[in-house]
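Visitor: no sequence for this one, just the structure:
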């Protein structure tokens with residue numbers, strides 16, 4: 001990694017994480033809030049920072065690159081940091097695939113074809129997750145159904 005990139009990464013991490021109410025002690029069990037401030041930040045640096053905040057391990061596809069903007073005017077709970085990252089990734093055309101113990105970040109097209117959850121029953125998933133749902137065509141031919149499902 002070039003020295004300039006290392007300095008930018010360290011600056012982005014330091015500037016991006018501001019803990020709400022700094023300098024004040026927190027009661028036991030009280031959740032920490034985070035203020036996110038990523039403006040034109042390298043997407044891989046943002047993913048690494050979210051990993052530090054959430055404790056999640058990420059495996060990043062080499063095709064995942066570019067910049068991202070995530071700004072929170074008010075502090076958000078640590079529980080919201082990962083869903084916010086998922087939304088930002090979807091806006092940039094990337095998806096997160098949750099595996100056992102780590103999260104793969106890949107281009108969205110790969111996630112749809114190779115990694116999406118597939119079910120013939122309604123799934124209770126929320127947020128920016130890719131799910132393929134199979135729907136039985138009882139009254140129409142499959143060819144007619146395909147025309148209305150293509151987005």
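Guide: That came through, no problem. Bear in mind that the values here come from a model prediction, so they are computed numbers and not experimental data.

Visitor: residue boundaries of the strands in this protein?
Guide: Using DSSP state E, the strands found in the chain span residues 17-19, 33-42, 58-60, 67-71, 76-77, 94-98, 103-107, 117-119, 131-133.

Visitor: low-confidence ranges in the protein?
Guide: Counting by pLDDT under 70, the low-confidence segments of the chain come to 1-31, 115-136, 142, 145-151.

Visitor: if we go to 80?
Guide: Scanning the chain for pLDDT under 80 picks out the ranges 1-31, 99, 111-151.

Visitor: So which of the strands of the chain is the most surrounded?
Guide: Among those, strand 94-98 has the highest mean neighbour count (mean count of other C-beta atoms under 10 Å), at a mean of 20. To be clear about C-beta, it is placed using only N, CA and C from the backbone, and glycine gets the same treatment.

Visitor: Now do it: everything it contacts.
Guide: For strand 94-98, the external contacting residues (C-beta atoms under 8 Å, 6 or more residues apart in numbering) are 43, 64, 85-86, 89, 103-108, 110-112, 115, 128, 130.

Visitor: mind listing what it pairs with, with the direction of each?
Guide: Applying DSSP bridges, strand 94-98 is found paired with strand 103-107 (antiparallel).

Visitor: Contacts made by the partner strand with the rest, please.
Guide: Contacts with strand 103-107, where a contact means C-beta under 8 Å, 6+ apart, come from 47, 56-61, 63-64, 89, 93-97, 114-115.

Visitor: one more time with 7 Å, if that's ok
Guide: 47, 56-61, 63-64, 89, 93-97 (C-beta atoms under 7 Å, 6 or more residues apart in numbering).

Visitor: closest to residue 140 out of the strands of the chain?
Guide: Among those, the nearest to residue 140 by C-beta to C-beta is strand 131-133 (16.9 Å).

Visitor: residue ranges for the helices of the chain, please.
Guide: Assigned by DSSP state H, the chain shows helices spanning 3-16, 43-54, 78-91, 108-110, 142-149.
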